[in-house]
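Colleague: Pasted the sequence and its predicted model underneath.
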Amino acid sequence: MTTKLRIACIVGARPNFMKIAPILRAFEEHDCLDPVLIHTGQHYDSNLSDIFFEELGIKRPEISLGIGSGSHGKQTAEILIAIENVLVEASENGTPFHRMIVVGDVNSTMAATIAAAKLLIPVAHVEAGLRSFDLTMPEEINRMLTDSICDMLLPSEPDGVKNLQHEGHDDSKIHLVGNVMIDTLLSQVERAKQSSILQDLSLEPGKYGVVTLHRPANVDDEKVLGELLKVLVEISANLPLVFPIHPRTKSRLEAFGYLDLLDSASNITCLGPAGYNDFLCLTSQAKVIVTDSGGLQEESTALGVPCLTMRPNTERPITVTLGTSTLVGSDSEKLKLHLTEVINGTYKTGECPALWDGHAAERIAEIFVSEAARLE
Ligand code: UD1
């Protein structure tokens, strides 16, 4: 009997789910691959987790670790211990994992990678090589540590390849596969547009902006968050805004007493975190997206929607050089300037990067099929 390649597929937080969905689908096309889905439970609210499983047709995780929130150290350590237990038990039960695959840059990504690498289980990293060169971002630490101990690096864009080469990784470990998140976007966008959310919120296509904010650098500091909100209120005088609020941001808005300011802005509609389809319905038909999210910079580029990125730097520079994103940091003048361009129709038009074509996960599966062939 031929041995199947048993792959521990790790997810933990919201941005992981849309990345793993096409990968699992592509793996399931091949009898020689045996993907086992492990959810760390970093995100546990149903609107940050379950809804994505339902809408994206992701199978129930075979293993759910239920780790939940905590400081970075506590959360990372608990995930590391729990994943190590899973890997060791599998080995003791005679069903060892041959490999692990991790996606993105969240704490679950890094913790699972450390657990596997120490047990000599090779790890593949999807979205390898992205660098903001900003060590104040927890995700940058996760990216660097993860890549440094993976044996298979799967960048989504050429800048990722360059960064990995610069860090001394051998070319034989690096495979430019494209962007799995865009696989999901392209497969869902037409269905998403059927959502009733625009009618429900009395919005017209192309006549509103979408805002998301959740980076610690923007929302954890009272003064910075206050300045950003002031700009959003100003913008909303000319363009209605929809603001699905992340739980981290919600708790900061409450703590700093800013909820009243938002309530009094009649042109800003605040929502809870949106599901995948409602959110894609909103973003795909927006006039502009104002965000500090990494994933949304890529999605807006794929959708051809202008994106004003409220960060001083980005690990996804292709969305600026080729795509529709502009870094505005927390500079309200810059934000207003570009917004005026968007409204006047003079804002740049972008292009979609190569290999953001809906087939990245299939390219990953092919690499794993070759690995499975070497198992016997
Ligand atoms: C995490 C990721 C970030 C990603 C973001 C997307 C890390 C370091 N950060 O940040 O890269 O862009 O997810 O959402 O891994 N909370 C809930 N319900 C949940 C999960 C969290 O209320 O289901 C609350 C927590 O209690 C905490 C806050 O949200 O107050 C932050 O959660 P956490 O997972 O630590 O980090 P995120 O900011 O979501």
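Modeller: That came through fine. If you're wondering where the values come from, they're calculated on a predicted model, not measured in any experiment.
Colleague: low pLDDT regions in this structure?
Modeller: Low-confidence segments of the chain (pLDDT under 70): 1, 376.
Colleague: Pull out the buried residues from the lengthiest helix in it.
Modeller: The single longest helix within the chain, with elements called by DSSP state H, is helix 72-92. Along helix 72-92, these residues count as buried under the neighbour rule (16 or more other Cβ atoms under 10 Å): 75-80, 82-84, 86-87, 90. Just so you know, the C-beta spots here come from the backbone N, C-alpha and C atoms, and that holds for glycine as well.
Colleague: and if you look at stretch 337-344?
Modeller: Buried residues in stretch 337-344, counted by 16+ other Cβ under 10 Å: 338-339, 341-342.
Colleague: next one: stretch 182-202
Modeller: By 16+ other Cβ under 10 Å, the buried positions in stretch 182-202 come out as 182-189, 192, 195, 197-198.
Colleague: Leu33 touches Ile367, doesn't it?
Modeller: No: counting by Cβ atoms under 8 Å, Leu33 sits too far from Ile367 to count as a contact (10.8 Å).
Colleague: who has more neighbours, these two?
Modeller: Leu33 (21 against 13; other Cβ atoms under 10 Å).
Colleague: could you list every residue that touches the more buried one?
Modeller: 4-5, 7, 27, 365, 368-369, 372 (Cβ atoms under 8 Å, 6 or more residues apart in numbering).
Colleague: Could I get the full set of helices for the stretch 51-200 of the chain?
Modeller: Here the stretch 51-200 of the chain has its helices, by DSSP state H, counting those that start in this stretch, at 72-92, 107-118, 138-149, 158-166, 180-192, 197-200.
Colleague: how about TSV for the ones you listed, with distance to the ligand added?
Modeller: Below are these laid out as TSV (distance: least, Cβ to the nearest ligand atom, whole Å):
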stretch	distance to the ligand
helix 72-92	6
helix 107-118	4
helix 138-149	4
helix 158-166	17
helix 180-192	12
helix 197-200	20
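Colleague: Let me have those helices in JSON lines, adding distance to Asn47 as columns.
Modeller: Compiled in JSON lines, the helices of the stretch 51-200 of the chain are given as follows (distance: least, Cβ to Cβ, whole Å):
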{"stretch": "helix 72-92", "distance to Asn47": "20"}
{"stretch": "helix 107-118", "distance to Asn47": "18"}
{"stretch": "helix 138-149", "distance to Asn47": "22"}
{"stretch": "helix 158-166", "distance to Asn47": "30"}
{"stretch": "helix 180-192", "distance to Asn47": "16"}
{"stretch": "helix 197-200", "distance to Asn47": "14"}
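Colleague: Which one of those lies nearest to Tyr347?
Modeller: helix 180-192 (21.1 Å; Cβ to Cβ).
Colleague: Distance from the chain centre to that closest one, please.
Modeller: Averaging C-alpha positions (Cα atoms, centre = their mean, to the nearest Å) puts helix 180-192 14 Å from its chain's average.
Colleague: quick one on the thing from earlier: out of the buried residues of stretch 182-202, which two sit at the greatest distance?
Modeller: Asp183 and Leu198 (24.7 Å).
Colleague: all strands of the chain, in order?
Modeller: Assigned by DSSP state E, the chain shows strands spanning 5-11, 33-39, 63-64, 99-103, 123-126, 152-154, 209-212, 241-244, 268-271, 288-291, 307-309, 325-327.
Colleague: Tell me which of those strands is the most buried.
Modeller: With neighbours defined as mean count of other Cβ atoms under 10 Å, the strands of the chain peak in mean count at strand 307-309, which reaches a mean of 27.
Colleague: Would you mind listing what in the stretch 251-376 of the chain touches the ligand?
Modeller: Counting by Cβ under 6 Å from any ligand atom, the residues of the stretch 251-376 of the chain close to the ligand are Ser251.
Colleague: repeat that with 8 Å
Modeller: Residues of the stretch 251-376 of the chain that fall close to the ligand, judged by Cβ under 8 Å from any ligand atom: 251, 293-295.
Colleague: In contact with the one residue in the stretch 201-350 of the chain that gets nearest to the ligand: list those residues for me.
Modeller: With Cβ to the nearest ligand atom, the shortest gap between the stretch 201-350 of the chain and the ligand falls at Pro247, namely 3.2 Å. Pro247 makes contacts with 45, 48, 273, as judged by Cβ under 8 Å, 6+ apart.
Colleague: Same question for Thr40.
Modeller: With Cβ under 8 Å, 6+ apart, Thr40 has these contacts: 10-12, 65, 67, 79, 82-83, 108, 111-112.
Colleague: May I ask which two of those residues are separated the most?
Modeller: Greatest spatial distance in the contacts of Thr40: Val11 and Ala82, 13.6 Å, computed using Cβ to Cβ.
Colleague: mind checking how far the closest residue to Ala354 other than its chain neighbours is from the ligand?
Modeller: In space, and not counting its chain neighbours, Ala354 is closest to Gly178: 7.6 Å by Cβ to Cβ, 6 or more residues apart in numbering. Look at Gly178 and the ligand: by Cβ to the nearest ligand atom, to the nearest Å, they are 21 Å apart.
Colleague: So Gly178 sits against Ser156, correct?
Modeller: Yes: assessed by Cβ under 8 Å, Gly178 is found in contact with Ser156 at 6.0 Å.
Colleague: Overlap of the contact sets of those two?
Modeller: 355-356, 360.
Colleague: which of the residues you listed has the most neighbours?
Modeller: Ala360 (27 neighbours).
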